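[1] the amino acid sequence is not available; the structure is as follows:
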């Protein structure tokens, strides 16, 4: 049958996930860094997700598609909420976050609002077994000041601090001099933003231990 359905322009989509919470039917998911309709029968074509995309990647089109099914949506949402791999509170309340690299995250995003941010060296999740304990309740940004421009990092972080109500920042870097550039970037960003945001700093030692500085 021919009907109205959401269309996502993948060349414009940056995978920010702003559209996901507005889709009450659970038709949209981030797959390989892009928003996608996971099943046509879940999309009612009403466009509640329209206007949520900062890239303008979402439109409504009329094409051949399977009919919308309220019964399938109900079953889909029930299975999602009760799946052991998805905590109901997270599924209902937590806004998705993607991407996580500082170069790629948008300066303004719903997942940064009222957020505790964990800004970590991209080596840290591999070097530190307990890294996921630090992630709990936080929004994660990763980067490497050795292979990227720390000045650019400071400018990007300043925009994130200016445009969102960030509650706290936790910095996790490796025990090498170049990696402390992450904390330098945060300090410079706080100066530029004029914000007084509480910060913590942790260092991952070569042996895998972590200490608060």
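    Arrived safely, thanks for sending. For clarity, every value in this text was computed on a predicted model and none was experimentally measured.
[2] which residues are contacting the longest strand belonging to the chain?
    With DSSP state E setting the assignment, residue counts place strand 166-174 as the longest strand in the chain. The set of residues external to strand 166-174 that reach it, using C-beta atoms under 8 Å, 6 or more residues apart in numbering, is 112, 114-121, 123-124, 127-128, 131, 134, 138, 160, 179-183, 186, 195, 197-204, 210. Placement of C-beta: from N, CA and C, glycine included.
[3] and the residue found closest to residue 193 once you drop the neighbours it is linked to in the chain, how many neighbours?
    Ranked by C-beta to C-beta, 6 or more residues apart in numbering and with sequence neighbours excluded, the top spatial neighbour of residue 193 is residue 161, at 3.8 Å. Using other C-beta atoms under 10 Å, residue 161 has 22 other residues around it.
[4] wait, is residue 161 part of a strand?
    No: judged by DSSP: H, G, I helix; E, B strand; the rest coil, residue 161 forms no part of a strand; its state is helix.
[5] wait, isn't it in contact with residue 188?
    No: using C-beta atoms under 8 Å, residue 161 is not in contact with residue 188, being 10.8 Å away.
[6] one step back: among the contacts of strand 166-174, which lie within helices?
    Among the contacts of strand 166-174, the residues falling in helices (DSSP state H) are 124, 127, 131, 134, 160, 181-183, 186.
[7] now for the residues you listed: which two are most distant?
    Of all pairs drawn from the ones in helices among the contacts of strand 166-174, the greatest distance, 24.9 Å, lies between 127 and 160 (C-beta to C-beta).
[8] higher neighbour count, these two?
    residue 160 (24 against 17).
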